[in-house]
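> Fold the following, please.
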Amino acid sequence: MLARVASASLQGVEGCRVDVEVHVSNGFPGFTIVGLPDAAVRESRDRVRAALLSCGFRWPQRRVTVNLAPSGVPKGGPGLDLPIAVGVLVAEGELPAGAVADTAFVGELGLDGSLRPVVGVVPMLASVTCRHVVVPAASGAEAVLVSGSGARVAVGLGDLVAALRGAGPWPAVPAARPAAVIRGGPDLAEVRGQWLGRRAVEVAAAGGHHVLLVGPPGSGKTMLATRLPGLLPPLSRAEAFEVARIHSAAGLPVADGGLPRRPPFRAPHHGATTVALVGGGTWLRPGEISLAHCGVLFLDEMGELPAPVLDMLREPLEEGVVRICRARASAALPARFLLVGATNPCPCGDGVVRGACRCTEAARARYARRLSGPLLDRFDLAVGLERPDPDDLLGATPMEPSAVVAARVAMVRQAAAARQVPTNAAIPVARLDDLVPLSDAAGRLLERRLRCGDLSARGLHRVRRVARTVADLDGRHIVDEEHVAEALQLHVARALFGSQRAA
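Now for the predicted structure:
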């Protein structure tokens, strides 16, 4: 007898519908899985057999063939255990075919028949069009995000079969919660002094500009970076679902049964490998830069990261996507994030500006070469920081809190949306003249910098975008000389670090 059961498999952060076809026929007893299964799927034969016997069902003493369609697409993961077991029960007549019609099954089986959660429930269920989906109880919250009232859960294979036969109830599915913004978090008011650094993170949040912070230890680089996500507006529903899909594919928990609304913040260790940062591996899992999608990626101690790993960031910074190609599979992983880099000016950390550097010129040049010119050119903002003044640290003058700054950031983001661009940093070159009108004085200032060789063509475009953000924060439509001057101040500080490259 032939049975067909709907399911799905995971490829990167995308789900792929899989039709599990189970054929039981006379012949020498055996169990064969075809359709490009990986090792985890091939091992499901023993898990399915033990689970059926543990729940009191009969294992067919005939030839069993399982086909995973489409046959030309690789299938991976243990999530196909449950549909294979259900298909065997239907093919043996233990379940009527109508009980599994228009229903998709995803889940891993334990040897005792229990259902265990699997990675990637959100993207997998998004790829099926069935009216109902059945997942393990631990994955019920993720299933509700995709299928709503069509989601069903089960604790064990025996209870699932009873519910499909109509002999028992379905377990209660977790109720969907309304999305809510998480309150609290680090506040910008805790950062005392560092006026230029505070302004840089405000401009970065408002315009979506990548920012590089260069300074000695204790200058507040990490404090500024960790407070930047609190300045960003909440995620839209579409962005929140995309973030949930990526985090589900990576095996991270979804935010308490609801869609995440706070932009993600990822801060990988400087010893992270290329695969950990960019993604890939045997199952093409998303890396840290994809987990920071629609949020902030903070790379502390960038000078300690291997140069090849850093150069892998250049494509996603430009295109917002990571394309991973392998011999048997490929994946396009979303990676649109705000990059915040922090580095010491030299290996000892004191820097040549402070006059207390203990490094040789060769050591400083070697340290600076880890950040290539093309990578440095991707930063719209670069700020040199010094340790804050003691009067600022000990003073009682209150600093502006994150809520006040976030209101200005939201105003700039709304202005960008009115121009039909996601952020000012994403303004196309062809629309710069229309969206960034310059006053005569601002135009002359940029011309002087170009003729002096201080700006490249790409640098000119980036300065104009930053100046647009500064003007929006000032509530001005025309970009004036003062806005361009501030944009140049935030941009040219990169030369403090880049000058060591020529040493």
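> residue nearest the centroid of this protein?
Leu291 (2.4 Å; CA atoms, centre = their mean).
> For that residue, which non-adjacent residue is closest in space?
Arg266 (5.2 Å; CB to CB, 6 or more residues apart in numbering). Placement of C-beta: from N, CA and C, glycine included.
> Now do the contacts for the one you found.
Glu288, Ile289, Leu291, Ala292, Gly295, Val296, Leu297, Phe298 (CB atoms under 8 Å, 6 or more residues apart in numbering).
> Where do the domain boundaries of this structure fall?
2-165, 188-502 (automatic domain parsing).
> separation between Leu446 and Leu381?
17 Å (CB to CB, to the nearest Å).
> One more: Arg326?
36 Å.
> What helix or strand is Leu115 located in?
strand 115-116 (DSSP states H and E).
> how far out from the middle of the chain is that strand?
27 Å (CA atoms, centre = their mean, to the nearest Å).
> Need the mean per-residue confidence for it.
Mean pLDDT, taken over the full extent of strand 115-116, equals 96.
> Quick one: list the elements packing against that strand.
strand 108-109, strand 132-136 (3 or more CB pairs under 8 Å, 6 or more residues apart in numbering; DSSP states H and E).
> which strands and helices sit next to the longest strand along the chain?
Across the chain, the longest stretch assigned as strand under DSSP state E is strand 14-25. Helices and strands touching strand 14-25, by 3+ CB pairs under 8 Å, 6+ apart, are strand 2-11, strand 63-69, helix 81-91, helix 121-126.
> Could I get the ones you listed in a markdown table, plus columns for mean pLDDT and mean neighbour count?
Formatted as a markdown table, these follow (pLDDT from 0 to 100; neighbours: other CB atoms under 10 Å):
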| stretch | mean pLDDT | mean neighbour count |
| --- | --- | --- |
| strand 2-11 | 94 | 23 |
| strand 63-69 | 95 | 20 |
| helix 81-91 | 96 | 27 |
| helix 121-126 | 94 | 26 |
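> could these go into a markdown table alongside distance to Asp38?
A markdown table is the format used below for those (distance: least, CB to CB, whole Å):
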| stretch | distance to Asp38 |
| --- | --- |
| strand 2-11 | 9 |
| strand 63-69 | 11 |
| helix 81-91 | 13 |
| helix 121-126 | 15 |
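> on that earlier part again, what's the closest of the helices and strands packed on strand 115-116 to Glu486?
Judged by CB to CB, the one of the helices and strands packed on strand 115-116 that comes nearest to Glu486 is strand 132-136, at 52.4 Å.
> what's the model's confidence in that closest one, averaged?
Rounded mean pLDDT across strand 132-136 is 96.
> Direction included, what does it pair up with?
Strand 132-136 has the following strand partners under DSSP bridges: strand 103-105 (parallel), strand 151-154 (parallel).
> For the nearest residue to Arg464 once chain neighbours are set aside, what are phi and psi?
Counting by CB to CB, 6+ apart, Val436 is the residue found nearest to Arg464 once chain neighbours are left out, at 4.9 Å. The phi/psi pair for Val436 (degrees, to the nearest 10) reads phi -130, psi 70.
> Check whether Val436 really touches Asp480, as I assumed.
No. In this structure Val436 lies outside contact range of Asp480 using CB atoms under 8 Å: 11.6 Å.
> Who has more neighbours out of these two?
More crowded of Val436 and Asp480, by other CB atoms under 10 Å: Val436, with 24 against 18.
> contacting residues for the more buried one?
Taking CB under 8 Å, 6+ apart, one finds Ile427, Arg464, Arg465, Ala467, Arg468, Val479 in contact with Val436.
> Give me the subset of these lying in helices.
Judged by DSSP state H, helices contain the following of the contacts of Val436: Arg464, Arg465, Ala467, Arg468.
> Next one: the third one from Gln414, what distance?
From Ala467 across to Gln414, the span is 19 Å (CB to CB).
> For those two, indicate the residue with more neighbours.
Ala467 (30 against 11).
> Give me the pLDDT for the more buried one.
On the pLDDT scale, Ala467 gets 96.
> Please identify which of Arg326 and Leu381 sits among more neighbours.
A count of neighbours by other CB under 10 Å puts Leu381 above the other of Arg326 and Leu381, at 26 against 12.
> tell me the strands in the stretch 351-500 of the chain, going along the chain?
Along the stretch 351-500 of the chain, counting by DSSP state E, counting those that start in this stretch, strands occupy 381-384.
> if we can go back for a sec, show me which of the contacts of Val436 is closest to Ala206.
Among these, and counting by CB to CB, the member closest to Ala206 is Arg468, at 10.0 Å.
> That closest one contacts Gly207, correct?
Yes. Counting by CB under 8 Å, Arg468 touches Gly207, with 7.1 Å between them.
> Next, show the common contact partners of these two.
Common contacts of Arg468 and Gly207 (CB under 8 Å, 6+ apart): Asn424.
> Between the two, point out the one with more neighbours.
Using other CB under 10 Å as the criterion, Arg468 and Gly207 rank with Arg468 on top: 30 against 27.
> Show the contacting residues for that one.
Gly207, Asn424, Ile427, Leu435, Val436, Val479 are the contacts of Arg468 under CB under 8 Å, 6+ apart.
> Would you mind measuring from the first one to Cys130?
The reference is to Gly207. Distance from Gly207 to Cys130, by CB to CB: 43 Å.
> Repeat that for the second one.
Spatial separation of Asn424 from Cys130 under the definition CB to CB is 43 Å.
> These two: who's more crowded?
Remark: of Asn424 and Cys130, Asn424 carries more neighbours, 28 against 19, as counted by other CB under 10 Å.
> ok, back up a step: TSV please, covering the domains of the chain and showing distance to Val173.
Below are the domains of the chain laid out as TSV (distance: least, CB to CB, whole Å):
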stretch	distance to Val173
domain 2-165	5
domain 188-502	11
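> Can you tell me which of those domains is most buried?
Ranked by mean neighbour count, these are led by domain 2-165 with a mean of 20 (mean count of other CB atoms under 10 Å).
> ok so, going back, residues making contact with the strand holding Leu115?
78, 82, 107-110, 135-138, 154-157, 160.
> 7 Å instead?
Leu82, Gly107, Glu108, Leu109, Gly110, Pro136, Ala137, Ala154, Val155, Gly156 (CB atoms under 7 Å, 6 or more residues apart in numbering).
> Adjacent strands (with direction) for it?
strand 108-109 (antiparallel).
> So for the partner strand, mean pLDDT?
Computed over strand 108-109, the average pLDDT equals 96.
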